[in-house]
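Participant: Have a look at this prediction, sequence included:
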Amino acid sequence: MATLAGKRILVGISGGIAAYKIPELVRRLKDYGAEVRCVMTQGGQAFITPLTLQAVSGNAVATDLLDPAAEAAMGHIEQAKWADLVFIAPASANTIAQLAHGHASDLLSTLCLATSAPIAIAPAMNQQMWANSLVQSNCQRLAQHGVTIVPPASGEQACGDIGAGRMPEPLALREFIVQLLQPSEALFAGQHIVITAGPTREAIDPVRYLSNHSSGRMGFALAAAAQQLGARVTLVAGPCHLTTPAGVQRVDVVSANDMANAVDEVIADADIFIGCAAVADYRPEIAVTQKIKKNQDTMHIELVKNPDILAKVAARDNPPFTIGFAAETNDVVDYARGKLERKRLAMIAANDVSNSDIGFNSDDNAMTLLWRDNAGEIQQTQLARAAKQAIAEQILRHAAQIKDNH
Ligand code: C5P
């Protein structure tokens, strides 16, 4: 059973209506044996009282950086050293901005600078605020500085809007915390994860081919993250100039057919399959054996469809937990939803490649994850723009959580 016995969790509560869910979170953490202390910002105290949190945590609640009485009990540096994890929920846009810029303007922000414990934040705000590029870039900055962002859920909000920005429910937050505090290597221990990455090349003749701009970086980042999280990883890679992540078994392929065959050979005992490759949809029907001469003004190449590797894996008897990618230039979420259903995937990660700054051939990415919950409803969440390595880890942690709940 999951347990947090002996873990010391410092919960930071900033100003947002989702603060009303925190007493429940504190109780559920204590059910798992965690020791919990709470720190509240001024905004947080406008929504729930320190007394409530003191009652459920069993510890005095700190609210003020410059309060001599509180500092005499457990000062901010002691609190920072005490924690095994600093978990800020709800994290308001203001608190996120303070943290992203290294402010030490109140007790919570100061604690975050003074701690060597991991910090995770659960942003919760109106969907328009969450979508604001300043909020997104602050989250991205925090992710680059090692702060874990718990992706907000989407749905109806307290203000009546519908969209992404809701704080996940206390039990989901507790699950996230359990995974964060587990030795990371254990998350996929004993599991085999097969990942396709990079482009494929479809021969026209011995010197020419059809391909695309995929760099393979997202798939390689997933392989590295999966390996670090304890999985045995097979990376089936199309032609790309990237170093194989340590400990990962790499199989190099060129064409879509090669990739399909290589996946077939390793998929039987896979627990998770991630189709991250930008597989060419079509190949020339005939790859001629001699170089084509330019002695005609026009030429015609007949293309035939390539096998859909992802759909084939998902259609197996007893398929692995199958994750697809959808790179789109428009109507990203709609197309991704269609693919999730059509290819019968467990989860899909969708991104907008119309923005040349992220996605293809870039170090960063931003994603919408879609999956089907136990009731058969499609759920979605947004992963803020971050380095592909950080996005990869978030996708995998999310997948582990969904897979365990199924
Ligand atoms: O259908 P579409 O190509 O847009 O779907 C993208 C997803 O399907 C990606 O996860 C990609 O790796 C996978 N795919 C595949 N084999 C193909 C085409 C796409 O595995 N022939």
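Facilitator: Perfect, thanks for sending it.

Participant: rest of the way, CA atoms for contacts and neighbours
Facilitator: Noted.

Participant: For I195, list the residues it contacts.
Facilitator: Neighbouring residues of I195 by Cα atoms under 8 Å, 6 or more residues apart in numbering: G219, L222, A223, V233, T234, L235, V236, F273, I274, G275, C276.

Participant: 7 Å instead?
Facilitator: G219, A223, T234, L235, V236, F273, I274, G275, C276 (Cα atoms under 7 Å, 6 or more residues apart in numbering).

Participant: just checking, it is part of a helix?
Facilitator: No: going by DSSP: H, G, I helix; E, B strand; the rest coil, the assignment for I195 is strand, not a helix.

Participant: is it in a bridge, and if so with what?
Facilitator: Counting by DSSP bridges, I195 forms beta bridges with L235, I274.

Participant: Tell me the residues of the protein that contact the ligand?
Facilitator: Proximity of the chain to the ligand (Cα under 6 Å from any ligand atom) is limited to residues 275-279, 281, 306-310, 324-326.

Participant: out of those, which are inside helices?
Facilitator: Within the residues of the chain next to the ligand, residues falling in helices by DSSP state H are I309, L310.

Participant: quick one: pLDDT of whatever residue of the stretch 51-200 of the chain ends up closest to the ligand?
Facilitator: Across the stretch 51-200 of the chain, the shortest distance to the ligand (Cα to the nearest ligand atom) belongs to T196, at 6.7 Å. Looking at T196, its pLDDT is 98.

Participant: what about the strands in the stretch 101-250 of the chain?
Facilitator: Applying DSSP state E, counting those that start in this stretch to the stretch 101-250 of the chain gives strands spanning 119-123, 148-149, 153-156, 162-166, 192-197, 202-205, 208-210, 232-237, 249-252.

Participant: Tell me which of those strands sits most buried.
Facilitator: strand 192-197 (a mean of 27; mean count of other Cα atoms under 10 Å).

Participant: Any of the residues of the chain next to the ligand buried? List them.
Facilitator: Buried by 16 or more other Cα atoms under 10 Å: G275, C276, A277, A278, V279, N306, P307, I309, L310, G324, F325, A326, out of the residues of the chain next to the ligand.

Participant: unless I'm mixing things up, the residue of the stretch 51-200 of the chain closest to the ligand is touching V236, no?
Facilitator: Yes: with contacts counted by Cα atoms under 7 Å, T196 reaches V236, the gap being 4.7 Å.

Participant: any low-confidence regions in this structure?
Facilitator: Along the chain, the parts satisfying pLDDT under 70 run over 1-2, 182-185, 355-361.

Participant: max-length helix in it?
Facilitator: As assigned by DSSP H, the longest helix anywhere in the chain is helix 388-405.

Participant: List the buried residues for that one?
Facilitator: Buried residues in helix 388-405, counted by 16+ other Cα under 10 Å: 388-402.

Participant: So the residue lying closest to K305 once chain neighbours are set aside versus I274, what's the distance?
Facilitator: With Cα to Cα, 6 or more residues apart in numbering as the criterion, K305 has its nearest non-adjacent residue at 4.4 Å, and that residue is Y282. For Y282, the distance to I274 (Cα to Cα, to the nearest Å) stands at 21 Å.

Participant: the more surrounded of the two?
Facilitator: The neighbour count for Y282 versus I274, taken as other Cα atoms under 10 Å, is higher for I274 (26 against 16).

Participant: With distance to G165 as extra columns, can I get the contacts of I195 in TSV?
Facilitator: Formatted as TSV, the contacts of I195 follow (distance: Cα to Cα, whole Å):
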residue	distance to G165
G219	27
A223	29
T234	35
L235	34
V236	36
F273	29
I274	27
G275	28
C276	27
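
Participant: quick check, nearest of those to M40?
Facilitator: Comparing those against M40 with Cα to Cα places A223 closest, at 38.5 Å.

Participant: Distance of the closest one relative to N126?
Facilitator: A223 is 34 Å from N126, by Cα to Cα.

Participant: Same check on S255?
Facilitator: Distance from S255 to N126, by Cα to Cα: 45 Å.

Participant: per-domain residue ranges of the chain.
Facilitator: Residue ranges of the domains in the chain are recorded as 8-181, 192-405, according to automatic domain parsing.

Participant: Which residue of this structure lies farthest from its centroid?
Facilitator: Ranked by distance from the centre of the chain (Cα atoms, centre = their mean), the top residue is N295, with 51.5 Å.
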